[in-house]
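Peer 1: sequence unknown, structure follows:
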């Protein structure tokens with residue numbers, strides 16, 4: 001696996017991912033791109049160009065809030081409601097899997113990621129964005145109650161309870177990819193917090209001697225599944 005450092009600059013996740021989808025379609029000569037939106041009741045869809053022929057399938061838990069949010073999304077051609085750990089995911093059915101703000105809020109995140117990779121076609125892309133548990137912001141979101149975070153200026157109205165398993169870090173994702181023969185093609189940082197939360201993150205970073213960084217809150221990764229059918233993939 002090619003090891004890449006997190007780039008020391010912020011990126012707009014949606015623009016980055018949409019461009020990677022466009023290039024993937026171009027490189028593969030796809031007539032239609034099949035996309036799985038994992039955790040579609042929480043994240044946002046990709047701003048794909050109108051002339052791109054695509055079929056988008058959404059999947060998320062069957063709760064009233066997530067069901068309503070999923071049903072209201074105009075970009076989804078179809079959707080399924082169920083636990084990502086056992087919901088039906090056809091093997092090698094999708095060119096792209098997009099998981100926005102998902103893996104930090106679920107248990108058995110590695111199992112879910114394994115199932116999403118199994119649903120990817122060889123050469124397909126896994127596009128993930130999540131809060132870095134090893135950042136100061138990650139510690140705040142793991143330990144500080146919603147009420148206090150709201151008082152510090154963070155928008156937590158639609159935030160689901162977070163779990164933050166070890167894989168929700170750059171090192172965790174690198175180890176997971178290495179064990180499965182996946183390639184991290186790109187790794188970026190993004191900061192989406194301000195106000196009192198950002199100030200608290202800076203204090204935490206100083207108090208830990210920089211071990212918990214306040215330079216970013218999110219990790220944005222482009223992971224590629226190998227073309228080689230003999231690769232160590234599910």
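Peer 2: Cool, the structure landed. These numbers were taken from a predicted model, which means no experiment stands behind them.
Peer 1: Need the single longest strand in the chain, by residues.
Peer 2: Assignment by DSSP state E gives strand 120-131 as the longest strand of the chain.
Peer 1: Mean pLDDT per helix and strand in the chain: which one sits at the bottom?
Peer 2: Each helix and strand of the chain was given a mean pLDDT (mean pLDDT, DSSP states H and E); the minimum falls on strand 7-10 at a mean of 49.
Peer 1: What number of neighbouring residues does the closest residue in space to residue 165 that isn't next to it in sequence come out with?
Peer 2: In space, and not counting its chain neighbours, residue 165 is closest to residue 109: 4.8 Å by CB to CB, 6 or more residues apart in numbering. (C-beta placed from N, C-alpha, C; glycine too.) Counted with other CB atoms under 10 Å, residues neighbouring residue 109 total 24.
Peer 1: isn't residue 109 right next to residue 163, touching?
Peer 2: Yes. Assessed by CB atoms under 8 Å, residue 109 is found in contact with residue 163 at 7.4 Å.
Peer 1: So which residues of this protein form helices?
Peer 2: Applying DSSP state H to the chain gives helices spanning 13-28, 64-71, 109-118, 136-143, 146-151, 170-180, 195-207.
Peer 1: Check whether residue 189 really touches residue 170, as I assumed.
Peer 2: No. The criterion here is CB under 8 Å, and residue 189 misses it with residue 170 at 9.2 Å.
Peer 1: thinking again about what came up before, let me have the helices of the chain in CSV, extended by mean pLDDT and distance to residue 92.
Peer 2: What follows is those, written out as CSV (pLDDT from 0 to 100; distance: least, CB to CB, whole Å):
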stretch, mean pLDDT, distance to residue 92
helix 13-28, 88, 14
helix 64-71, 84, 24
helix 109-118, 97, 8
helix 136-143, 90, 33
helix 146-151, 70, 39
helix 170-180, 96, 15
helix 195-207, 90, 41
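Peer 1: For residue 228, which of those is the nearest?
Peer 2: Nearest to residue 228 among the helices of the chain is helix 170-180; the distance by CB to CB comes to 12.8 Å.
Peer 1: And residue 175, how far from residue 182?
Peer 2: Look at residue 175 and residue 182: by CB to CB, to the nearest Å, they are 11 Å apart.
Peer 1: Between these two, tell me which one has more neighbours.
Peer 2: Higher neighbour count among residue 175 and residue 182: residue 182, with 23 against 15, using other CB under 10 Å.
Peer 1: Could you find the closest non-adjacent residue to the more buried one?
Peer 2: residue 223 (5.4 Å).
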